[in-house]
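Novice: coords below, sequence missing:
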Ligand code: LFR
């Protein structure tokens, strides 16, 4: 009694899933209705998302989920689809790892210096920010024909409901939002010739986002009417909302998956010059929070190696990696050279060689290199976040897919020198479900929903172990190569 069911559509860079969440004041049960691969496609014109395949997976998933009180959608950030005046999609959305933005940031900075850009938006430099993508698209027939632009989760919501909106947490990753007002930065867009009229009106997590179209209801077999509710539609916003922190805990979070996003939850953005130089971003979170974090390449490094090796089972690789001594091979896991797809083992070996250290060769050695390097990058980001935001941290909450990787969790605790609490692995889907639940009557604030997660979901605690001086020395070696500016 008193429980409701919510469907969470959660699209990640390597797979999509539809989860059903049963929620009540003391209940939170998440079950997987359907999981499907997300396979980007190399076309002659570049790297594209198979958005129609993903949408098909969403419909199958909603059918498998069965009757729900509402549904919400989240996905990776920054990417979008363009629509013609009649609402039809103009081509496949471009993948953020596509090379079309090469050279574009420099062009943008000639008009808007990077310092101004950072102060105006709080967003770190990444070549794939929507702002650079839109400047790269200027002059293309597709953009010329476009009347509407919808970010990926908003595009899926549009196909499901016929209604257009732009959800704020994800909108903040476009680098076109003023993080203080939470509204578009019109002067910035004007200076760059970006047409903000392409974007639908902003909506916030918890806002209503339409009702399933009759044809969608028929296709999914859902008894209606089914409301769609805006959630933190940026997957990282949903994942941070599901960090099972205690109300008074001083915590950092690590959202692990294709990326590692490491940082702090703040009340206000930090847009100092040092923070920009350290490439920390201020993305908007649910309930008016700021996600002050750094992007680290994450398990993409390993996923991409496994694609080269044609391996699908990570378990034997992790077992092999666990037998190799710590910190023999280290790369800078935040380095932009690892962004594009292709020959990752070769690029990792080359980076080790360039750093003058021993070079990993076997898949086990390279896996170990990735995990040690990620742990070091986690350590660095969490330390720098504390320094830049003038805050202290007693515990690191590690959520997302990496929470299933015990070796990564332990190495992160060892590197950071503070306990790591790992889980939930499906944080984005849980955050998605709980924002819907609150919009549909679950009482309590963000801290209360976090307490519900820590009461109901299995979590694993990792205490720091091993030799802290070894991590310090390794940190010093890699940080010398890329020092934090004074
Ligand atoms: C994680 C994520 C990151 C974002 C990257 C690209 O899935 O959403 O937060 O920087 O993907 O969109």
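Specialist: On my side now, so go ahead. Not measured: the values here are computed from a predicted model.
Novice: going forward, measure contacts and count neighbours with C-alpha atoms only.
Specialist: Fine.
Novice: In the stretch 151-300 of the chain, what residue comes closest to the ligand?
Specialist: Ranked by C-alpha to the nearest ligand atom, the top residue of the stretch 151-300 of the chain for proximity to the ligand is residue 236, at 5.0 Å.
Novice: Show me the contact partners of stretch 329-345.
Specialist: For stretch 329-345, the surrounding residues in contact (C-alpha atoms under 8 Å, 6 or more residues apart in numbering) are 97-99, 295-298, 301, 304-305, 308, 347-348, 351-352, 355, 357-360, 365-366, 368-370, 372-374, 377, 478.
Novice: does that stretch come close to the ligand?
Specialist: No - judged by C-alpha under 6 Å from any ligand atom, stretch 329-345 stays clear of the ligand, getting no closer than 10.5 Å.
Novice: For that stretch, measure first residue to last.
Specialist: 13 Å (C-alpha to C-alpha, to the nearest Å).
Novice: now do stretch 406-425
Specialist: First-to-last distance for stretch 406-425 - C-alpha to C-alpha - comes to 12 Å.
Novice: quick one: average pLDDT of that stretch?
Specialist: Here stretch 406-425 scores 98 as its mean pLDDT.
Novice: now do stretch 451-470
Specialist: For stretch 451-470, the mean pLDDT works out to 96.
Novice: can you confirm residue 150 is in a strand?
Specialist: Yes - with DSSP: H, G, I helix; E, B strand; the rest coil as the criterion, residue 150 is located in a strand.
Novice: Number of residues surrounding it?
Specialist: By the criterion of other C-alpha atoms under 10 Å, residue 150 has 24 neighbours.
Novice: And residue 444, by the same measure?
Specialist: When counting by other C-alpha under 10 Å, one arrives at 12 neighbours for residue 444.
Novice: what secondary structure does it sit in?
Specialist: Quick answer, by three-state DSSP: residue 444 is coil.
Novice: That one - nearest residue in space that isn't next to it in sequence?
Specialist: Of all residues not flanking residue 444 in the chain, residue 438 sits nearest, at 7.5 Å (C-alpha to C-alpha, 6 or more residues apart in numbering).
Novice: ok, the one you found - how many residues close by?
Specialist: By other C-alpha under 10 Å, 16 other residues sit near residue 438.
Novice: Distance from whichever strand or helix holds it to the middle of the chain?
Specialist: Assessed by DSSP states H and E, residue 438 sits inside helix 427-439. Its chain's average C-alpha position is 16 Å from that of helix 427-439, according to C-alpha atoms, centre = their mean, to the nearest Å.
Novice: angle of the following helix or strand past it against helix 427-439?
Specialist: Remark: after helix 427-439, the chain's next helix or strand is helix 446-456, criterion DSSP H and E. Following axes from the mean of the first three to the mean of the last three C-alpha atoms, to 10 degrees, one obtains 120 degrees for the angle between helix 446-456 and helix 427-439.
Novice: Only the buried residues of the helix or strand hosting residue 106, if you could.
Specialist: According to DSSP H and E, residue 106 maps onto helix 104-111. Using 16 or more other C-alpha atoms under 10 Å as the test for burial, helix 104-111 gives 104, 105, 108.
Novice: hmm, back to that, can you confirm the residue of the stretch 151-300 of the chain closest to the ligand is in a helix?
Specialist: Yes - residue state for residue 236 (three-state DSSP) corresponds to a helix.
Novice: On the three-state scheme, residue 180 is what?
Specialist: Here residue 180 is coil, with the state taken from three-state DSSP.
Novice: got the contact list for it?
Specialist: If a contact means C-alpha under 8 Å, 6+ apart, then residue 180 has 268, 269 as its contacts.
Novice: residue ranges with poor pLDDT in this protein?
Specialist: Across the chain, residues meeting the criterion (pLDDT under 70) sit at 1, 480-486.
Novice: Distance check, residue 413 against residue 435.
Specialist: Residue 413 sits 30 Å away from residue 435, going by C-alpha to C-alpha.
Novice: nope, residue 348 is what I was after
Specialist: Taken as C-alpha to C-alpha, the span from residue 348 to residue 435 is 39 Å.
Novice: got it, and residue 479?
Specialist: 38 Å.
Novice: Which one's more surrounded, the two?
Specialist: Neighbour totals were compared for residue 479 and residue 435, and residue 435 leads with 27 against 15 (other C-alpha under 10 Å).
Novice: Pull the contacting residues for the more buried one.
Specialist: When contacts are counted by C-alpha under 8 Å, 6+ apart, residue 435 is found next to 205, 206, 231, 232.
Novice: can you map out the strands along the stretch 251-400 of the chain?
Specialist: For the stretch 251-400 of the chain, the strands defined by DSSP state E, counting those that start in this stretch occupy 251-256, 260-266, 281-284, 290-296, 395-400.
Novice: got the contact list for the first one?
Specialist: Contact partners of strand 251-256, identified using C-alpha under 8 Å, 6+ apart, comprise 236, 239-240, 243, 245, 260-265, 298-299, 378, 382, 392-403.
Novice: what's the spacing between that strand and its chain's center?
Specialist: That offset, for strand 251-256, works out to 12 Å (C-alpha atoms, centre = their mean).
Novice: Write out the residues of the chain neighbouring the ligand.
Specialist: Contact residues (C-alpha under 6 Å from any ligand atom) of the chain with the ligand: 12, 76, 77, 78, 234, 235, 236, 259.
Novice: The last one contacts residue 301, doesn't it?
Specialist: No - applying C-alpha atoms under 8 Å as the test, residue 259 and residue 301 come out as separate, 9.0 Å apart.
Novice: neighbour count winner among these two?
Specialist: Of the pair residue 259 and residue 301, residue 301 is the one with more neighbours under other C-alpha under 10 Å, namely 25 against 22.
Novice: so residue 99 touches residue 46, yeah?
Specialist: Yes - contact criterion C-alpha under 8 Å: residue 99 and residue 46 qualify, at 7.5 Å.
Novice: ok, those two, which is more surrounded?
Specialist: Higher neighbour count among residue 99 and residue 46: residue 99, with 17 against 13, using other C-alpha under 10 Å.
Novice: so what's the more buried one up against?
Specialist: Counted by C-alpha under 8 Å, 6+ apart, residue 99 has contacts 46, 340.
Novice: ok, now how distant is it from the ligand?
Specialist: 14 Å (C-alpha to the nearest ligand atom, to the nearest Å).
Novice: do the same with residue 347
Specialist: 21 Å.
Novice: Quick check: closest non-adjacent residue to that residue.
Specialist: Nearest to residue 347 is residue 338, by C-alpha to C-alpha, 6+ apart, at 7.5 Å.
Novice: The host helix or strand of residue 74 - contacts with which helices or strands?
Specialist: Per DSSP H and E: residue 74 is located in strand 70-75. Contacts defined by 3 or more C-alpha pairs under 8 Å, 6 or more residues apart in numbering; DSSP states H and E place strand 70-75 against strand 4-11, helix 152-161, strand 227-229, helix 235-241, helix 427-439.
Novice: The first one versus helix 427-439: what angle between them?
Specialist: Orientation check (the same axes, to 10 degrees): strand 4-11 against helix 427-439 gives 140 degrees.
Novice: can you start the count at 2 instead of 1 from here on
Specialist: Shifting the count to begin at 2 puts that one at strand 5-12.
Novice: who's in contact with the helix holding residue 107?
Specialist: 128, 133, 136, 137, 192, 193.
Novice: returning to what we had before: which of the contacts of strand 252-257 are buried, as a PyMOL select command?
Specialist: Selection of buried members from the contacts of strand 252-257 for PyMOL, criterion 16+ other C-alpha under 10 Å:
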select buried, resi 237+240+241+244+246+261+262+263+264+265+266+299+300+379+383+394+396+397+398+399+400+401+402+403+404
